[in-house]
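A.B. asks: Mind looking at a prediction? Sequence and model below.
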Amino acid sequence: MCIQKRLHGRKSRGGLLALLLTGWVIMLTLSQPAWAVCNQHPGDFLVGEDEYNYYCESSATDDDAKKLVSDLQDLINSAVNPPSQEFLGARWQLRKSIIDTAGCVAKNHTYYGQERPVWDIIYSCRNPDRKRIDCSNLVQFSDRVGACGVDAFYKAKTDSLRSLGDAGDAVGQSRIFKKNHAWIAPGDTPFPGDTVFFGKTYPDCKKEICHAAVYLGKRDDGTMLVIQATSSKGVKIGPLSPKMQSLVVGFGNVGELYDSLRR
């Protein structure tokens, strides 16, 4: 807030009248020490002055103080505990692109089906031809499109995760993650964009892994959020049921796989 020290203008009757009417304010201002001028508004304090004005600021509210403390703590934490490499550079670009791609497939109401050959990275996630897609196809397509975009930006390479498309199914994809030391055990922490692998999700599945999805994160209550292709609802974004979450057998760290296959 700015408080005038004195008024300026033409020496006219109007100006004289204004001076007379506001004289008590000026006298009050001049009769007080500079710091006291701001007390006209309780809680304000003086931060500076020039030839014409006093400059006052309001005290911080409790919410302001809490926000400042929170911001400072975040700054301290980031210095003491820097972000994981999974949220930096090429790995973060990859993860974001994977989620964007899988989300695009979901938002365009893609139905479930074992389309062969698998979706290629040149195909649009908007699915203009209304192709169908199954769980492992969604994972390989999203991962490969994401990696292609990052490769083109960083190293001018393309399709560095093609092996996920050649794997054939979720079991084959899990083996690629394991072979390249990019496997995350069920009790450890995955990162957004990673692949979630499930055990026996339907009676007819005779394999150790029967389903895969793109991991998004967790709610406060621990419920996982994923993008997945299901036979009943097509490609959807949402939480896992307690039953499905109990069937998780591990995760594929797509950032680690990406770096491993580029070496």
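C.D. replies: That came through, no problem.

A.B. asks: I'd say Pro190 and Phe177 touch.
C.D. replies: No - no contact is recorded between Pro190 and Phe177 when judged using CB atoms under 8 Å, the distance being 11.3 Å. To be clear about C-beta, it is placed using only N, CA and C from the backbone, and glycine gets the same treatment.

A.B. asks: overlap in contacts of those two?
C.D. replies: Common neighbours of Pro190 and Phe177, using CB atoms under 8 Å, 6 or more residues apart in numbering, are Asn253.

A.B. asks: And the helices in the stretch 51-200 of the chain, which stretches?
C.D. replies: Counting by DSSP state H, counting those that start in this stretch, one finds helices in the stretch 51-200 of the chain at the ranges 62-80, 89-107, 135-154, 162-166, 170-179.

A.B. asks: Can you lay out those as JSON lines showing mean neighbour count?
C.D. replies: Rendered in JSON lines, the data for the helices of the stretch 51-200 of the chain read as follows (neighbours: other CB atoms under 10 Å):
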{"stretch": "helix 62-80", "mean neighbour count": "10"}
{"stretch": "helix 89-107", "mean neighbour count": "20"}
{"stretch": "helix 135-154", "mean neighbour count": "23"}
{"stretch": "helix 162-166", "mean neighbour count": "19"}
{"stretch": "helix 170-179", "mean neighbour count": "19"}
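
A.B. asks: As TSV, these with mean pLDDT and distance to Lys233 would be great.
C.D. replies: Converted to TSV, these look like this (pLDDT from 0 to 100; distance: least, CB to CB, whole Å):
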stretch	mean pLDDT	distance to Lys233
helix 62-80	67	38
helix 89-107	94	10
helix 135-154	89	12
helix 162-166	94	23
helix 170-179	97	18
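
A.B. asks: How many residues are close by Ser241?
C.D. replies: When neighbours are counted by other CB atoms under 10 Å, Ser241 registers 11.

A.B. asks: Same question for stretch 204-214: list its buried residues.
C.D. replies: Within stretch 204-214, the residues that qualify as buried by neighbour count (16 or more other CB atoms under 10 Å) are Ile209, Cys210, His211, Ala212, Ala213, Val214.

A.B. asks: And stretch 232-239, by the same measure?
C.D. replies: Per 16+ other CB under 10 Å, stretch 232-239 contains these buried residues: Gly234, Val235, Lys236, Ile237.

A.B. asks: which one among those gets closest to Arg91?
C.D. replies: In terms of CB to CB, no member of the buried residues of stretch 232-239 lies closer to Arg91 than Ile237, at 22.0 Å.

A.B. asks: my read: the closest one touches Val105, true?
C.D. replies: No - because the distance of 9.9 Å does not satisfy CB under 8 Å, Ile237 is recorded as not touching Val105.

A.B. asks: Compute the inter-axis angle for the one helix or strand Tyr258 maps to and helix 170-179.
C.D. replies: Using DSSP states H and E, the element containing Tyr258 is helix 254-262. If you take axes from the mean of the first three to the mean of the last three CA atoms, to 10 degrees, helix 254-262 sits at 70 degrees to helix 170-179.
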